[in-house]
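Q: Okay, here's the prediction I keep looking at, along with the sequence it came from:
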Amino acid sequence: MKKNFKIISVILLVIVSINVFFYVRYLNLDTYTWNTDGTLLILGEKQYKCEPLDNSVDLNLDKQIGKIQDEDSSFRVCSIKGESINDRIAIRGFMFPAEAYSRIDTYIKK
């Protein structure tokens, strides 16, 4: 009986530790906001505008770097492999294709 109790205690400890790790990681993400008409994504002084993409583009998303304020937690702001988050980011969601966003000052220059 004691052996079973120890095994169950260790399993519960591992499960709680993993959940705490991911919860703390989620709390430390940047919080992006939409502007009033929903066309720009804003983080502090940085503003990003959606890029037109066709469905065949593979964005090679990297890790999650942010979340969107007042939106469902299924929407994630991700970095794109090999690119600076100061130039381009992507939004991915559950049942939502990934969309790339370019920083406005680099977007206008193109």
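A: That came through fine. These numbers come from a predicted model, not from an experiment.
Q: Give the burial count for S74, as a bare number.
A: S74: 10 surrounding residues under other CB atoms under 10 Å. Glycine gets a C-beta too; all of them are placed from N, C-alpha and C.
Q: same question, D70
A: Neighbourhood size, D70 [other CB under 10 Å]: 7.
Q: how close does it get to I80?
A: 24 Å (CB to CB, to the nearest Å).
Q: Name the SS class of I8, please.
A: helix (DSSP: H, G, I helix; E, B strand; the rest coil).
Q: So for it, what's the pLDDT?
A: I8 is assigned 90 on the pLDDT scale.
Q: again, but for I11
A: Looking at I11, its pLDDT stands at 93.
Q: for the chain, what spans make up the strands?
A: Ranges of strands within the chain are 30-34, 40-43, 46-50, 61-68, 76-80, 88-93, 96-103, based on DSSP state E.
Q: Send me the third one as PDB with only the CA atoms.
A: This points to strand 46-50. Taking Å, rounded to 0.1, in the frame of the first residue of the first chain, the C-alpha atoms of strand 46-50 are listed here in PDB:
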ATOM      1  CA  LYS A  46       6.100  48.200 -32.500                       C
ATOM      2  CA  GLN A  47       3.300  48.000 -35.000                       C
ATOM      3  CA  TYR A  48       2.800  45.100 -37.400                       C
ATOM      4  CA  LYS A  49       0.500  44.900 -40.500                       C
ATOM      5  CA  CYS A  50      -0.800  41.600 -42.100                       C
END
